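Undergrad: Based on what follows, work out the 3D shape:
(chains A and B)
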There are 2 protein chains.
Amino acid sequence: MPRQVDHEERRRVIAEAVCALADERGLEGVTVRDVADRAQISMGAVQRCFRTKEEMLVFALAHVGERIAERVRARLVRTPAQSAATALGHAASEVALLDEQHRAEARVWLAFVAQAVVSAPLAETLRAGYAPLEDAFARLIEEGAARGTGEPAGEDAPLDARREARTVLALADGLTVHVLAGHLTPQEAGDILHVQLARLWAGRQPPPA
Amino acid sequence: MPRQVDHEERRRVIAEAVCALADERGLEGVTVRDVADRAQISMGAVQRCFRTKEEMLVFALAHVGERIAERVRARLVRTPAQSAATALGHAASEVALLDEQHRAEARVWLAFVAQAVVSAPLAETLRAGYAPLEDAFARLIEEGAARGTGEPAGEDAPLDARREARTVLALADGLTVHVLAGHLTPQEAGDILHVQLARLWAGRQPPPA
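TA: You can find the predicted model right below:
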């Protein structure tokens, strides 16, 4: 007796299979057949969900991106006890995927980023993920600065919240890469991120005369 | 009449073919046959140069890494007119591969990084490339600080040249990714790198009382 298959649920199952394969061996050479085997469904079922392999990869990237974004949003929820600086620090750590339990997601993210270079729809999905993160980071930086917890620079170098947000995002992604490559430990990467953010808020001593 | 083939020259030709393919479509699904076709040599000739595909990829990564490292070293040559800060700025820009003419190398680098996550020998080659860069950056940061062009922090936050070098390297790589993904323009990325380095040297005003 055929049961009703939830189309969206099936797409999510396929996305998880893509991510599992990307984690294990990168997206190198991953075929629709590999994905069908991993998801334990037929190739025809995969093809009914996604017309092309690229469409399938775009959906899988958006799927894992949304999972990361949800964690970041949870970190951004403000409480009276949590300053903008604290919220930004937590959110940036989530973006950098430094936790051991998120290492698989980091591998998946990197596999997609590498594919995005040769796939315009994947690049578009990636950019769509960065935009709200950058906005949220910029708002926190402005808010933190306005609260006087650190207007970090003098007149000749005013705080540019947008640029600082982009710096934090790029640094977080660079750290993800360096941890994945084994150049840095997660602890070293976390320390680098922490110092970068602390400097943003704390201001700095002028150089000795 | 068979001519003498320079083994190392042939390996370089193969490495260039790997890079051309990585640039055009990533390393996804690249086969020894693809590489042989692109290098216009036989598959047997490729296999005489490299026993495995992984060995070929490792050599190709080292090859492109050495080309980037050569440019960085050229930037690090010190002249009386060039301060440590200037040398570091130039070298960091080279590492970030922001020049339009180096965009292909950036794509190749990212393809290799993604593969390195699932290939221990590639990851080892990548780390071997980062180590001397990090050392050189740390020396310049120490030197710049010692010259008094900026001991950037007070007693409670002494300059950690190693950590600052790692920060610059990770930021440069993150910016490479964000430019490749189209999230930042090369100009925006260059500006971010410039401000990060300027802050390192210039010290900062204390927050307003």
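Undergrad: which residues sit in contact with A:Arg25?
TA: For A:Arg25, the set of contacting residues under the criterion of C-beta atoms under 8 Å, 6 or more residues apart in numbering or on different chains consists of B:Val118. (C-beta placed from N, C-alpha, C; glycine too.)
Undergrad: thought A:Ser119 was touching A:Leu57?
TA: Yes - shown here, A:Ser119 and A:Leu57 form a contact pair, counting by C-beta atoms under 8 Å, at 7.1 Å.
Undergrad: Neighbour count: those two, which is higher?
TA: The residue with more neighbours, out of A:Ser119 and A:Leu57 and counting by other C-beta atoms under 10 Å in any protein chain shown, is A:Leu57; that gives 25 against 21.
Undergrad: Tell me the spacing between that one and A:Ala104.
TA: For A:Leu57, the distance to A:Ala104 equals 17 Å [C-beta to C-beta, to the nearest Å].
Undergrad: Contact partners for the closest residue to A:Cys19 other than its chain neighbours?
TA: Distances taken as C-beta to C-beta, 6 or more residues apart in numbering or on different chains put A:Val108 closest to A:Cys19, at 4.8 Å, once the chain neighbours are dropped. Counting by C-beta under 8 Å, 6+ apart, A:Val108 touches A:Cys19, A:Ala22, A:Asp23, A:Val64.
Undergrad: A:Ile14 and A:Lys53 touch, don't they?
TA: No - using C-beta under 8 Å, A:Ile14 is not in contact with A:Lys53; the gap is 11.2 Å.
Undergrad: quick one: the helix or strand A:Glu94 falls within near chain B?
TA: Taking DSSP states H and E as the criterion, A:Glu94 maps to helix A:84-96. No - Helix A:84-96 is not in contact with chain B by C-beta under 8 Å from any C-beta of the partner chain; minimum separation 9.6 Å.
Undergrad: From the contact counts, what lies against that helix?
TA: Identification of packing neighbours for helix A:84-96 by 3 or more C-beta pairs under 8 Å, 6 or more residues apart in numbering or on different chains; DSSP states H and E yields helix A:53-76, helix A:120-146, helix A:161-180, helix A:186-202.
Undergrad: just so I know, which of those helices lies nearest A:Ser83?
TA: Ranking the helices and strands packed on helix A:84-96 by proximity to A:Ser83 (C-beta to C-beta) places helix A:120-146 first, at 6.9 Å.
Undergrad: Spit out the contact partners of the residue lying closest to A:Phe50 once chain neighbours are set aside.
TA: If you skip the residues right next to it in sequence, A:Phe50 has A:Met56 as its closest partner in space, 3.9 Å away by C-beta to C-beta, 6+ apart. Going by C-beta under 8 Å, 6+ apart, A:Met56 touches A:Ile14, A:Ala15, A:Val18, A:Val32, A:Val35, A:Val46, A:Cys49, A:Phe50.
Undergrad: Kindly report the same for A:Trp109.
TA: When contacts are counted by C-beta under 8 Å, 6+ apart, A:Trp109 touches A:Val64, A:Ile68, A:Leu97, A:Thr176.
Undergrad: Kindly provide the distance from it to A:Arg162.
TA: With distances taken as C-beta to C-beta, A:Trp109 is found 23 Å from A:Arg162.
Undergrad: Who wins on neighbours among the contacts of A:Val108?
TA: Counting neighbours by other C-beta under 10 Å, the top entry in those is A:Ala22, with 29 neighbours.
Undergrad: which parts of stretch A:122-132 are buried?
TA: Of the residues in stretch A:122-132, those scored as buried under the neighbour-count criterion (16 or more other C-beta atoms under 10 Å in any protein chain shown) are A:Leu122, A:Ala123, A:Thr125, A:Leu126, A:Gly129, A:Tyr130.
Undergrad: Take the residues you listed and write them to CSV, including pLDDT and distance to chain B.
TA: Shown next, in CSV, are these (pLDDT from 0 to 100; distance: C-beta to the nearest C-beta, whole Å):
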residue, pLDDT, distance to chain B
A:Leu122, 92, 9
A:Ala123, 93, 5
A:Thr125, 94, 10
A:Leu126, 93, 5
A:Gly129, 92, 9
A:Tyr130, 94, 5
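Undergrad: can you redo those as a markdown table with distance to A:Ala138?
TA: Putting these into a markdown table (distance: C-beta to C-beta, whole Å) gives the following:
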| residue | distance to A:Ala138 |
| --- | --- |
| A:Leu122 | 25 |
| A:Ala123 | 22 |
| A:Thr125 | 21 |
| A:Leu126 | 19 |
| A:Gly129 | 16 |
| A:Tyr130 | 12 |
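Undergrad: from those, which single one is nearest A:Val72?
TA: In terms of C-beta to C-beta, no member of those lies closer to A:Val72 than A:Gly129, at 10.1 Å.
Undergrad: On the three-state scheme, A:Gly182 is what?
TA: Recorded secondary structure, A:Gly182: coil (DSSP: H, G, I helix; E, B strand; the rest coil).
Undergrad: what sits against it?
TA: Here A:Gly182 is in contact with B:Ala123, B:Arg127 (criterion: C-beta under 8 Å, 6+ apart).
Undergrad: Phi and psi next, for A:Val77.
TA: Reported as degrees, to the nearest 10, the phi and psi values for A:Val77 are phi -60, psi 130.
Undergrad: and what of A:Glu28?
TA: Per-residue torsions, A:Glu28: phi -60, psi 120 (degrees, to the nearest 10).
Undergrad: what's around A:Ile141, how many residues?
TA: Other residues close to A:Ile141 by other C-beta under 10 Å number 27.
Undergrad: What sits closest to it if chain neighbours are left out?
TA: Nearest residue to A:Ile141 in three dimensions, chain neighbours excluded: A:Ala161, at 4.3 Å (C-beta to C-beta, 6+ apart).
Undergrad: Am I right that that neighbour is in contact with A:Ala136?
TA: No - with contact defined as C-beta under 8 Å, A:Ala161 and A:Ala136 do not form a contacting pair (11.2 Å).
Undergrad: tell me, what residue is most central in chain A?
TA: For chain A, the residue lying nearest the average C-alpha position, counting by C-alpha atoms, centre = their mean, turns out to be A:Val95 (4.5 Å).
Undergrad: Just list the residues touching the residue lying closest to it once chain neighbours are set aside, thanks.
TA: The shortest distance from A:Val95 to any residue other than its chain neighbours is 4.4 Å, reached at A:Ala172 (C-beta to C-beta, 6+ apart). Remark: with contacts taken as C-beta under 8 Å, 6+ apart, A:Ala172 is in contact with A:Ala92, A:Ser93, A:Val95, A:Ala96, A:Leu193, B:Gly174.
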